[in-house]
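*Asks:* I'd like to go over a predicted model; first the sequence, then the structure.
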Amino acid sequence: MDNAQLIKLAQKAAKNAYAPYSDFKVGAVLLCRNGSVYTGCNVENSSYGASNCAERTAVFKAVSEGERDFVKIAIVSEKGGLTFPCGICRQVLSEFMQNGSIVLYSEKEGIKEFELKELLPHGFKL
């Protein structure tokens, strides 16, 4: 699956976001090494700490289905700019795709791809 297809799936996932507090809807799609994909959207809560990012939603869905080998994640927001994963999401992603990449999209800049190790050069590992 190419990056443009991943971005389209992430845009579709963003439409399911529950973001009544920030009005910042985010969608993500996770590509597994075996070609399967898992989507996620952000789910907010009035107790902000109980909210979950789109990236982690996709990861947790995949892991709960037995997947552990990810190669790429695409992330978009309905606001239109590049939407980088937060620090917590970068750390969670590093658990399963240390050599993976992150694909972002903005109307202004188009599709951009980054290696996860560029965005989290010294992630925590036991």
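*Replies:* Yes, it's here.
*Asks:* distance of the residue nearest the centre of the chain from residue 67?
*Replies:* Nearest to the mean C-alpha position of the chain, by Cα atoms, centre = their mean, lies residue 55 at 3.1 Å. Between residue 55 and residue 67 the computed distance is 14 Å (Cβ to Cβ, to the nearest Å). For every residue, glycine as well, the C-beta is placed using N, CA and C.
*Asks:* next one: residue 13
*Replies:* 17 Å.
*Asks:* and if you look at residue 30?
*Replies:* Distance of residue 30 to residue 67, given as Cβ to Cβ: 8 Å.
*Asks:* Mind listing the shared neighbours of these two?
*Replies:* Common contact partners of residue 30 and residue 67 (Cβ atoms under 8 Å, 6 or more residues apart in numbering): residue 38.
*Asks:* And the strands in this structure, which stretches?
*Replies:* Here the chain has its strands, by DSSP state E, at 26-32, 37-41, 70-77, 101-106, 110-115.
*Asks:* helices or strands up against the longest one?
*Replies:* To tie it back to what came earlier, the one meant is strand 70-77. Strand 70-77 sits against helix 3-14, strand 26-32, helix 54-64, helix 87-96, strand 101-106, with contacts defined as 3 or more Cβ pairs under 8 Å, 6 or more residues apart in numbering; DSSP states H and E.
*Asks:* mind running it again at 6 Å?
*Replies:* Contact here means 3 or more Cβ pairs under 6 Å, 6 or more residues apart in numbering; DSSP states H and E; on that basis strand 70-77 packs against helix 3-14, strand 26-32, strand 101-106.
*Asks:* Would you mind pulling the contact partners of it?
*Replies:* Contact partners of strand 70-77, identified using Cβ atoms under 6 Å, 6 or more residues apart in numbering, comprise 6-7, 10-11, 14, 26-33, 83, 96-97, 100-105.
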